[in-house]
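Participant: what's the 3D shape of this:
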Amino acid sequence: MAYPTKEFQMAAPTTPEDSGRTILSIFKVMGFGSGATLQTDQVQMQFAINVGEGQGEGEGESFTSGLQYGVDRGWFELPSTREIKLTDAGFEEM
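Facilitator: Numbers count the residues shown, from 1 in each chain. Next up is the predicted model:
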């Protein structure tokens, strides 16, 4: 599946909430609904593209904090370390 790139780029998230919402937006732009599951590495790669993260020190921290924020809010479930599942609450938040 092709991922949107340039037209979907946004400013780097500054808070865990911003990062969590960026992850939600990946599900939304790809047209997924509640119960959809994506591979964590695919979401992390698209997150990095969307916010323009490079290969520098600390890369992935904003993704991790955003994912945890979303899990804490009930937006995502982690069926395994390799999957992110969009919940009903996450779909409604989109």
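Participant: and the helices in this structure?
Facilitator: 16-29, 40-51, 61-73, 88-93 (DSSP state H).
Participant: count the residues that sit near Thr14.
Facilitator: Applying other Cβ atoms under 10 Å, we find 9 residues neighbouring Thr14. Glycine gets a C-beta too; all of them are placed from N, C-alpha and C.
Participant: okay, the angle between the least confident helix or strand in the chain by mean pLDDT and helix 61-73?
Facilitator: Across the helices and strands of the chain, mean confidence by mean pLDDT, DSSP states H and E is lowest for helix 40-51: a mean of 89. Note on geometry: by axes from the mean of the first three to the mean of the last three Cα atoms, to 10 degrees, helix 40-51 and helix 61-73 are set 120 degrees apart in direction.
Participant: pull out the buried positions in helix 40-51.
Facilitator: Across helix 40-51, burial judged by 16 or more other Cβ atoms under 10 Å covers Thr40, Gln42, Val43, Gln44, Gln46, Phe47, Ala48, Ile49, Asn50, Val51.
Participant: thought the fourth one was touching Gly60?
Facilitator: By that I understand Gln44. Yes: at 6.8 Å, Gln44 counts as touching Gly60 under the criterion of Cβ atoms under 8 Å.
Participant: ok, and the closest non-adjacent residue to the residue positioned nearest the centre of the chain?
Facilitator: Centroid check for the chain by Cα atoms, centre = their mean gives Ile23 as the closest residue, at 2.0 Å. Nearest residue to Ile23 in three dimensions, chain neighbours excluded: Gly66, at 5.4 Å (Cβ to Cβ, 6 or more residues apart in numbering).
Participant: need the pLDDT of that neighbour.
Facilitator: Here, the pLDDT recorded for Gly66 equals 93.
Participant: for the closest residue to Gly33 other than its chain neighbours, give me its contacts.
Facilitator: Take Gly33 and drop its neighbours on the chain: the residue closest to it by Cβ to Cβ, 6+ apart is Phe91, 5.7 Å away. For Phe91, the contact set (Cβ atoms under 8 Å, 6 or more residues apart in numbering) comprises Phe27, Gly33, Ser34.
Participant: likewise for Thr81?
Facilitator: Thr40.
Participant: ok, it to Val29 distance?
Facilitator: 24 Å (Cβ to Cβ, to the nearest Å).
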